[in-house]
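J.: show me the folded form of this:
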Amino acid sequence: MKYKWVEYLAQAWDSFMEEMFSFIPEETKEHIRNARKEVLLALKSVIEKRIEELEKPKKEIKKVKVEKA
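T.: Coordinates of the predicted model:
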């Protein structure tokens with residue numbers, strides 16, 4: 001990996017989360033997992049909508065010269 005510090009940061013984050021989750025009840029962990037999933041699904045829907053907009057044919061813009069009366 002080009003940036004070793006990113007790898008260390010990821011390992012530190014994983015260790016931190018593992019430690020934090022060690023004392024959380026299983027039911028709470030399930031709610032957190034479900035919430036994470038919902039956030040990812042929300043992001044997915046935003047991305048899919050943006051892709052649809054990009055795939056629509058572009059409207060042709062015509063310039064119209066307006067003369068003053």
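J.: quick one: the helices in the protein?
T.: Secondary structure of the chain (DSSP state H): helices located at 4-21, 26-55.
J.: among the ones you listed, which is nearest I61?
T.: Closest to I61 of the helices of the chain, according to C-beta to C-beta: helix 26-55, at 16.8 Å. Every residue, glycine included, has its C-beta placed from N, CA and C.
J.: gap between that closest one and the chain center?
T.: 7 Å (C-alpha atoms, centre = their mean, to the nearest Å).
J.: do me a favour and average the pLDDT over that helix.
T.: The average pLDDT for helix 26-55 rounds to 94.
J.: mind checking how far the residue sitting nearest the centre point of the chain is from L54?
T.: The residue lying closest to the centre of the chain (C-alpha atoms, centre = their mean) is L43, at 4.6 Å. Separation of L43 from L54 (C-beta to C-beta, to the nearest Å) stands at 17 Å.
J.: same question, V39
T.: Distance, V39 to L54, using C-beta to C-beta: 23 Å.
J.: F16 now?
T.: Counting by C-beta to C-beta, the gap from F16 to L54 is 38 Å.
J.: same check, this time on L41
T.: For L41, the distance to L54 - C-beta to C-beta - is 20 Å.
J.: ditto for M17
T.: For M17 relative to L54 (C-beta to C-beta), the value is 35 Å.
J.: just give the number of residues close to K44.
T.: 10 (other C-beta atoms under 10 Å).
J.: check S15 too.
T.: The number of residues packed near S15 is 10, by other C-beta under 10 Å.
J.: now do L41
T.: For L41, using other C-beta under 10 Å, the count is 10.
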